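Engineer: Here is my input; please provide its structure:
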Amino acid sequence: MLRTLDNPPYLQVALDTPDIESVKRVVSKLPKSDRILIEAGTPLIKRYGSEVISQLREIRDDSFIVADLKTLDVGALEVRIAQQGGADAAVVSGLAFPLTIKEFINEAKKVGICSFVDMMNVPDPLKALKDAQAVPNAVLLHRGIDSEAVAKHSWDNLKNVKEKLAGKALVGVGGGIELELAKKSIENGADIIIVGRYITGSSDVESAANSILKFMR
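Structural biologist: From the prediction side, this is the model:
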């Protein structure tokens, strides 16, 4: 059954470390909150496969888990892999061929999970959606780790994308976000704040997550 995201904003904790024991420690220390989404990051899934989702559920069974596949081809097939692995949502890359994105979104609806489109390195997110002729549950405006030093942040597109997708899709931002950037993102209307290292690299995971959640209460 589709688990909806109808009470934003949300904190999406990105588990990008390809070390399952480290990831388990982080998940076990996250505060319990219906505003937290757990992201099985791309490196984690590449190393362990979709089976890693069930390992996360052993620790936090009721979590909303996002499989960050960043699919570039065979969209429908990869949605089924995520759904069969137990994910509540899966991510397709906005750089994918428009038909791939469309089939990804349609298959997600069919099997009952949410579809996210990651717009990392996509110059015009709205055009990518128009070309795909489909609207996902969430659009993620994402600055990659390797580009953080030189790339502009996603807020440049946030207002415009939010206005165009109002009532149709959530809009998230990610990429090197820590406390002040999280606060700024929420103030600028982001529905999903994607945070990795600020939380996963903290000596006090619970406090780091709560420091962002406080802006959402």
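
Engineer: tell me what the helix or strand bottoming out on mean pLDDT in the chain is packed against?
Structural biologist: In the chain, the helix or strand scored least confidently by mean pLDDT, DSSP states H and E is helix 155-165, which has a mean of 84. Judged by 3 or more C-beta pairs under 8 Å, 6 or more residues apart in numbering; DSSP states H and E, helix 155-165 is in contact with helix 125-132, strand 138-142, strand 170-174, helix 179-187. (Each C-beta comes from the backbone N, C-alpha and C, glycine too.)

Engineer: Would you map the strands across this structure?
Structural biologist: Ranges of strands in the chain, per DSSP state E, are 10-15, 36-40, 64-71, 89-93, 114-118, 138-142, 170-174, 192-195.

Engineer: In TSV: these, plus mean pLDDT.
Structural biologist: Listed next are those as TSV, based on pLDDT from 0 to 100:
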stretch	mean pLDDT
strand 10-15	98
strand 36-40	98
strand 64-71	98
strand 89-93	98
strand 114-118	98
strand 138-142	93
strand 170-174	95
strand 192-195	96
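
Engineer: Any chance of the ones you listed in JSON lines with mean neighbour count as columns?
Structural biologist: Putting those into JSON lines (neighbours: other C-beta atoms under 10 Å) gives the following:
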{"stretch": "strand 10-15", "mean neighbour count": "25"}
{"stretch": "strand 36-40", "mean neighbour count": "25"}
{"stretch": "strand 64-71", "mean neighbour count": "25"}
{"stretch": "strand 89-93", "mean neighbour count": "27"}
{"stretch": "strand 114-118", "mean neighbour count": "27"}
{"stretch": "strand 138-142", "mean neighbour count": "27"}
{"stretch": "strand 170-174", "mean neighbour count": "25"}
{"stretch": "strand 192-195", "mean neighbour count": "26"}
